[in-house]
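Chemist: need coordinates for the following:
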Amino acid sequence: VQLQASGGGLVQAGGSLRLSCAASGGTFSNHDMAWFRQAPGKEREFVAAIVWINGYTRYSESVKGRFTISRDNAKNTVYLQMNSLKSEDTAVYYCAATDWGIDVSARKYDYWGQGTLVTVSS
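Modeler: Residues are numbered from 1 along each chain as shown. I've put the predicted structure just below:
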């Protein structure tokens, strides 16, 4: 499975962005998907995940109520809608896929996109 993330950019605090992650090269319905992020000098952290077959979602406490993960089965694409952005959301955002069910640990994910940079100015 190959993952291609896009949609990052520079946005002011309080603004919105939508990230996309397009998947190819596999049976996508076999994989659950997630977004992680990594800020400079920090470890990669879980943001949100979605179960492909039924749409069940899970969020980190820091983004709950502001971010929404969704999927488009026909396009093999996962989205992360980010609203009310804060400076602390600045990071490189990665999409990831797993064969083992959604998890907050990055080690559970087998496939990773290249990352897209989100910069929130205050």
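
Chemist: which residues sit in contact with the residue nearest to Phe67 when sequence neighbours are not counted?
Modeler: If the residues on either side of it in the chain are set aside, Phe67 comes closest to Met82, at 5.1 Å by Cβ to Cβ, 6 or more residues apart in numbering. Every C-beta, even on glycine, is put in place using the N, C-alpha and C of the backbone. Applying Cβ atoms under 8 Å, 6 or more residues apart in numbering, we find Met82 in contact with 16-19, 63, 66-67, 89, 118.

Chemist: from those residues, list the buried ones, please.
Modeler: Applying a neighbour-count criterion of 16 or more other Cβ atoms under 10 Å, the buried members of these are 17, 19, 63, 67, 89, 118.

Chemist: distance of the first one from Arg58?
Modeler: Pointing back at Leu17 there. Distance from Leu17 to Arg58, counting by Cβ to Cβ, to the nearest Å: 20 Å.

Chemist: ditto for the fifth one
Modeler: When Cβ to Cβ is the yardstick, Asp89 and Arg58 sit 18 Å from each other.

Chemist: neighbours around Asp103, how many?
Modeler: Asp103 has 15 neighbouring residues, counting by other Cβ atoms under 10 Å.

Chemist: low-confidence ranges, this structure, go.
Modeler: Per-residue confidence for the chain (pLDDT under 70) gives these ranges: 27-28.

Chemist: coming back round to it: and the residue nearest to Phe67, how far from Gly25?
Modeler: Using Cβ to Cβ, which is the criterion applied here, Met82 is 27 Å from Gly25.

Chemist: which SS state does the residue nearest to Cys95 when sequence neighbours are not counted fall under?
Modeler: The shortest distance from Cys95 to any residue other than its chain neighbours is 3.4 Å, reached at Cys21 (Cβ to Cβ, 6+ apart). Following DSSP: H, G, I helix; E, B strand; the rest coil, the label given to Cys21 is strand.

Chemist: check contacts around Cys21.
Modeler: 3-6, 33, 35, 77-80, 95, 113.
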